[in-house]
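Enquirer: Need a 3D model of the sequence below.
(4 chains)
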Protein chains: 2
Amino acid sequence: MKLGQGVEWGLHSCVNMSWTPPGEAVSSARLAEFYKLPAAYLNKQLQALVRAGILTSVSGPRGGFSLARRPDRISVLDVVLAIEGNDHAFRCEGIAKDAPGGSMDADYARTCLISQTMRHAEVTWRTELSRQSIAGIAQSIERRFPDARESTVLRLVGPRT
Amino acid sequence: MKLGQGVEWGLHSCVNMSWTPPGEAVSSARLAEFYKLPAAYLNKQLQALVRAGILTSVSGPRGGFSLARRPDRISVLDVVLAIEGNDHAFRCEGIAKDAPGGSMDADYARTCLISQTMRHAEVTWRTELSRQSIAGIAQSIERRFPDARESTVLRLVGPRT
DNA sequence: GATAGCATACTCGGATATTAGTTGTCCGAGTGCCGCTGG
DNA sequence: CCAGCGGCACTCGGACAACTAATATCCGAGTATGCTATC
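Expert: Numbering: from 1, shown residues only, chains lettered A, B, ... in the order given. Okay, the predicted model is just below:
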């Protein structure tokens, strides 16, 4: 059970983009320099967020990424599923259907108690993540580090002219 | 976010072993034949459970694996962690310590709100799994399929002489 | 007939290939910006 | 001085390579079993 690095990058990027003024796009190169990350790979991860409808992207100069909807409408779960894929963590291959008494083959995921247990635990995990939104995290950060927002915006979009 | 196949095999094997008479060991070959699985690979997974203290193993004829403690003392989480490793799913690399205001470098896992959120969700997942025990699952299966236990034991240890 | 010794078959355990997935890099397509040219 | 136009720099997007982890397999170490030969 391991999550890809892109989840962390995607979440941080979304929080940062929730602070940038609307209409201003942030390029992946800028975000990558911010965190000292490989720019092209970060770009690749953000592409997944675009495909999931979380971000919008524009090409060309002054282009980049920006949130596709209000940050309080983007849950942490949305970002995780967009990057990791929405497959279930516990892949029940239904091995018991090959077992001797395997006449109960219909859909093993329901009848198998082990599968049910694992699925239920994963549902609680997903529910917990769906409760937290990008906006909520951003607010918590602002409360704890009052100048985080200002310094981040300054570094990302540069000093406003 | 993906769990290895060994988790499913390990859980099924533990449930089956909770039904076998105490003192009787079950070989990995027998379990593998039961589920139509590659025997050597299943053996490898069960080795991890032995290292974690969940199973005990004996070599030689009439040898095999058996539960190291009462099945109501073995949680699903124990099996999952034994096979998957007890690392956290969300690897917080502390990317923000490279960010401009990165003086808050001490231990980023605590101060980073994103890390906190992911960790908290994982804790609920683990808690849910720790509530379920091998014995509990076995009982539920027995309730739903009354003859599951008998047929399984018969198939695993053969007809008792 | 009983017992000690021995070959044997069976088991786990770890070392070793093979495959899939993640991580990282590169180049092309598209787009807005800037300067140049002509009126 | 102003409008139109062409080159250009910058961006995303997807295709390609390197590396890591999961999957699958094989052979050696050890042990209880069952047979055999001897007393």
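Enquirer: ok, which residues in chain A are in contact with DNA strand C?
Expert: Within chain A, the positions lying close to DNA strand C (Cβ under 7 Å from any atom of the strand) are A:4-6, A:38, A:40-41, A:43-44, A:58-63, A:84. Quick note: C-beta positions are derived from backbone N, CA and C, even for glycine.
Enquirer: Any idea how many residues pack against residue A:3?
Expert: Using other Cβ atoms under 10 Å in any protein chain shown, the number of residues around residue A:3 comes to 19.
Enquirer: Helix, strand or coil: sort out it for me.
Expert: Classification of residue A:3 by DSSP: H, G, I helix; E, B strand; the rest coil places it in coil.
Enquirer: Farthest pair within the residues of chain A next to DNA strand C?
Expert: Spanning the widest gap among those are A:61 and A:84, at 32.4 Å by Cβ to Cβ.
Enquirer: Chain A: helices as residue ranges?
Expert: Along chain A, counting by DSSP state H, helices occupy A:5-19, A:28-35, A:39-51, A:76-84, A:108-111, A:113-131, A:134-144, A:148-157.
Enquirer: Make a markdown table out of the ones you listed and add mean pLDDT, mean neighbour count and distance to residue B:115.
Expert: Shown next, in a markdown table, are the helices of chain A (pLDDT from 0 to 100; neighbours: other Cβ atoms under 10 Å in any protein chain shown; distance: least, Cβ to Cβ, whole Å):
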| stretch | mean pLDDT | mean neighbour count | distance to residue B:115 |
| --- | --- | --- | --- |
| helix A:5-19 | 96 | 23 | 8 |
| helix A:28-35 | 94 | 19 | 14 |
| helix A:39-51 | 98 | 17 | 18 |
| helix A:76-84 | 98 | 22 | 12 |
| helix A:108-111 | 60 | 15 | 32 |
| helix A:113-131 | 96 | 19 | 13 |
| helix A:134-144 | 94 | 17 | 10 |
| helix A:148-157 | 88 | 16 | 15 |
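Enquirer: between those, which one is nearest to residue B:77?
Expert: Between residue B:77 and those, the tightest spacing by Cβ to Cβ is seen for helix A:113-131, at 8.8 Å.
Enquirer: still on that earlier bit, what would the helices of chain A look like in a markdown table with distance to residue B:51?
Expert: Converted to a markdown table, the helices of chain A look like this (distance: least, Cβ to Cβ, whole Å):
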| stretch | distance to residue B:51 |
| --- | --- |
| helix A:5-19 | 28 |
| helix A:28-35 | 37 |
| helix A:39-51 | 35 |
| helix A:76-84 | 29 |
| helix A:108-111 | 29 |
| helix A:113-131 | 22 |
| helix A:134-144 | 38 |
| helix A:148-157 | 44 |
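Enquirer: between the ones you listed, which one is nearest to residue B:121?
Expert: Of all the helices of chain A, it is helix A:113-131 that lies closest to residue B:121, at 4.0 Å by Cβ to Cβ.
Enquirer: For the closest one, which outside residues touch it?
Expert: For helix A:113-131, contacts defined as Cβ atoms under 8 Å, 6 or more residues apart in numbering or on different chains pick out A:75-78, A:80, A:88-90, A:92, A:108-110, B:3, B:7-8, B:11-12, B:15, B:76, B:117-118, B:120-122, B:124-125, B:128-129, B:132, B:137, B:140-141, B:144.
Enquirer: Brilliant, that's me finished.
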